[in-house]
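Participant: could you work out the structure for the sequence below:
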Amino acid sequence: METKCRVEEEEEEEKIQKEICSGISSLLSPPLSLPPWTELPDDVTINILQRLDVQEILEKAQRVCKTWWRACKDPSMWRVIHIESIVLAFFDPHKLEMMCHEAVDRSQGQLIDITIVDFATNDLISYISKRCSHLKCLSLVRGDFLSQTFIYAFENFKELEKLQLLLSPIFPEDIEYIGNSCRQLKSFTYCCSDKMEKSCALEVAKSMPNLHHLCLIGDMMTDQGLEGILDRCLHLESLDIRRCFNVDLQGNLGRDLSAGVEEGSYNEAQRKSPNLRNDPSLSPSPPLPKLQPQETIPIQKIQSLLCKIIEDKMFFSDAIELAKMAENL
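Facilitator: Okay, here's the model as predicted:
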């Protein structure tokens, strides 16, 4: 009897052991069918993954499966890079810089557009310039630039067309150096986080004649600097000079701009005035409401609207605001 019980126990243990082994085997073996997303074309997979930020791609997405790993290694995945410190409480500039290095390396020289927020350094910009000579767009926000390494890096950005600098002050001569190095620049934005001591308007006018869009926020320019920009940057389609409080429009330039508003378009003022050269490449602005002549107009109130020659889709609304303001004077 005891022998029979012992045999039954041994058989039961053996059965349980087989079930355990079978279960472990099933867990370790690959699934019978692959996940459905692995059957997507590579270009579709890359298009989907590009919607993630750099950190999510490098730390999570590329580890999901072999298909995504392969897609995340494709240079076309890294033609556009936007990287910033999302949560400042966990801000690790060294980690972000290493991620940026990895993203730039994976692009294999195909990078055309990069935005760096909060952690860009001289060495990082130099690193990018040596590996991405076909860069078209560069945006730097709140970086730390202290040496000429940053300025000299632009020698390698011969194809750069759009540059946005929202950071600490840069010397006007450095702005001119950047312009002379990047002769294909069509859009330039510079907003200084601190009060500027000198204007860079004339340096922009001399070194960036092919600009279509210019934004100089908080610059110390005077009427002379503004006139220099209008005289030399003949392809301008939009001009933003917010917080440029030294522009007072009290001379010929002010009369020319005022005449442009009264006549209905800035291009008309260009045609009539020798101080504002006409350029046939400029598209005509929409018609503006005609203002009633005023003997005295407080320039301080409307100078930003007169100076801000902006894109067609926004110009009309600003003109209406200007007209309403003039009616109340």
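
Participant: shouldn't residue 77 be in contact with residue 71?
Facilitator: Yes: if you go by C-beta atoms under 8 Å, residue 77 and residue 71 touch, sitting 6.3 Å apart. (Glycine included, C-beta is placed from N, CA and C.)

Participant: shared neighbours of the two, anything?
Facilitator: Shared contacts of residue 77 and residue 71, defined by C-beta atoms under 8 Å, 6 or more residues apart in numbering, comprise 46, 49.

Participant: now residue 177, nearest residue through space, not along the chain?
Facilitator: Spatial nearest neighbour of residue 177, chain neighbours left out: residue 151 (5.6 Å); criterion: C-beta to C-beta, 6 or more residues apart in numbering.

Participant: residue contacts, that neighbour?
Facilitator: Applying C-beta under 8 Å, 6+ apart, we find residue 151 in contact with 174, 177, 178.

Participant: out of these, the closest to residue 58 would be?
Facilitator: Set against residue 58, the nearest of the contacts of residue 151 by C-beta to C-beta is residue 178 (30.5 Å).

Participant: so that closest one versus residue 199, what's the distance?
Facilitator: 16 Å (C-beta to C-beta, to the nearest Å).

Participant: who's more crowded, those two?
Facilitator: residue 178 (27 against 21; other C-beta atoms under 10 Å).

Participant: how many residues are close by the residue lying closest to the more buried one once chain neighbours are set aside?
Facilitator: Of all residues beyond its chain neighbours, the one nearest residue 178 is residue 154 (4.9 Å), with distances taken as C-beta to C-beta, 6+ apart. Neighbourhood size, residue 154 [other C-beta under 10 Å]: 21.

Participant: next: residue 80.
Facilitator: Using other C-beta under 10 Å, residue 80 is surrounded by 14 other residues.

Participant: for it, list each beta-bridge partner.
Facilitator: residue 113 (DSSP bridges).

Participant: for it, give me its contacts.
Facilitator: By C-beta under 8 Å, 6+ apart, the contact list for residue 80 reads 50, 111, 112, 113, 114.

Participant: over to the second one. Which of the three states is it?
Facilitator: It refers to residue 111. Residue 111 falls in the coil class when you classify it by DSSP: H, G, I helix; E, B strand; the rest coil.

Participant: and the closest residue to it other than its chain neighbours, what does it touch?
Facilitator: Once flanking residues are discounted, residue 111 sits nearest to residue 132: 4.2 Å by C-beta to C-beta, 6+ apart. Listed by C-beta under 8 Å, 6+ apart, the contact set of residue 132 reads 104, 107, 109, 111, 114.

Participant: widest-spaced pair of those residues?
Facilitator: Farthest-apart pair in these is 109 and 114; separation 12.8 Å (C-beta to C-beta).

Participant: pick out whichever of the two has more residues nearby.
Facilitator: residue 114 (25 against 12).

Participant: so what's the more buried one scoring on pLDDT?
Facilitator: Per-residue confidence (pLDDT) for residue 114: 96.

Participant: just to check, it is in contact with residue 125?
Facilitator: No: shown here, residue 114 and residue 125 do not form a contact pair, counting by C-beta under 8 Å, at 9.8 Å.

Participant: which parts of the stretch 1-150 of the chain are helices?
Facilitator: Along the stretch 1-150 of the chain, counting by DSSP state H, counting those that start in this stretch, helices occupy 2-28, 42-49, 54-59, 66-72, 93-107, 122-131, 148-152.

Participant: any idea which of those helices scores lowest on pLDDT?
Facilitator: Looking at the helices of the stretch 1-150 of the chain, the bottom one is helix 2-28 with a mean of 55.

Participant: residue 188 belongs to a helix, doesn't it?
Facilitator: No: applying three-state DSSP, one finds residue 188 to be strand, outside a helix.

Participant: I'd like to know how far residue 204 sits from residue 66.
Facilitator: Per C-beta to C-beta, residue 204 is found 50 Å from residue 66.

Participant: looking at these two, which one has more neighbours?
Facilitator: Ranked by neighbour count (other C-beta under 10 Å), residue 204 and residue 66 place residue 204 first, with 28 against 9.
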